[in-house]
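Visitor: I would like the atomic coordinates for the input below:
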Amino acid sequence: MEQISRSNTISKSLYRINCTLGHRLTVYATISIRNGITLRIYELTSQFPREEIYGLTSQIRRASASIPTNIAEGCGRDSSAEFARFLQIAMGSTSETEYLTLLAHDLKYFNDDQYVELIDTIVSLKKMLTALLRNIRTEN
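Guide: Residues are numbered from 1 along each chain as shown. Sure, this is the predicted structure:
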């Protein structure tokens with residue numbers, strides 16, 4: 001878990017999302033955690049077998065990077081409904097990342113400690129996204 005904390009420190013300097021819809025702090029925390037896990041996935045997948053470079057390595061990296069990208073893009077939209085739509089897309093990418101993490105573990109590319117670390121962070125992120133979505137939908 002310490003490595004994710006360091007990644008979150010890095011992400012705080014990289015992402016300063018100014019969400020005009022009034023959800024800046026929650027979005028900032030969510031992106032910080034997500035960026036941390038994206039960086040961690042990049043680090044761990046660099047050890048995957050070379051034959052996976054265009055397969056699982058590429059897919060899990062794209063899925064994990066898609067999460068903060070969609071959150072940030074949703075922040076730049078004009079309405080809460082559009083923001084919620086992009087948060088839902090980010091949730092789908094989170095689920096995709098979760099499955100690909102399980103697959104990588106089953107293929108023995110992630111050890112048990114790495115798997116638990118990633119899954120714990122993914123579950124926390126899904127809870128944050130769910131709460132943010134619920135908050136946005138009840139405002140409308």
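Visitor: worst mean pLDDT across the helices and strands of this structure, which element?
Guide: Ranked by mean pLDDT, DSSP states H and E, the weakest helix or strand in the chain is helix 2-14, scoring a mean of 33.
Visitor: tell me, how many residues neighbour residue 76?
Guide: By the measure other C-beta atoms under 10 Å, the count of residues near residue 76 is 14. Just so you know, the C-beta spots here come from the backbone N, C-alpha and C atoms, and that holds for glycine as well.
Visitor: how near is it to residue 86?
Guide: 9 Å (C-beta to C-beta, to the nearest Å).
Visitor: then residue 56?
Guide: For residue 56, the distance to residue 86 under the criterion C-beta to C-beta works out to 26 Å.
Visitor: how near is the nearest residue to residue 93 once chain neighbours are set aside to residue 94?
Guide: If the residues on either side of it in the chain are set aside, residue 93 comes closest to residue 66, at 4.0 Å by C-beta to C-beta, 6 or more residues apart in numbering. In this structure, residue 66 and residue 94 are separated by 9 Å, where distance is defined by C-beta to C-beta.
Visitor: can you give me the helices in this protein?
Guide: Listed in chain order, the helices of the chain (DSSP state H) span 2-14, 24-45, 56-75, 80-106, 112-139.
Visitor: tell me how far residue 132 lies from residue 83.
Guide: For residue 132, the distance to residue 83 - C-beta to C-beta - is 9 Å.
Visitor: tally up the residues packed near the nearest residue to residue 87 once chain neighbours are set aside, please.
Guide: Distance criterion C-beta to C-beta, 6+ apart; nearest residue to residue 87, sequence neighbours excluded, is residue 133 at 5.2 Å. A count of neighbours around residue 133, defined by other C-beta under 10 Å, yields 17.
Visitor: wait, what's in contact with residue 133?
Guide: Under the criterion of C-beta atoms under 8 Å, 6 or more residues apart in numbering, the contact list for residue 133 reads 84, 87-88, 91.
Visitor: of the residues you listed, keep whichever come out buried.
Guide: With burial judged by 16 or more other C-beta atoms under 10 Å, the buried subset of the contacts of residue 133 is 84, 87, 91.
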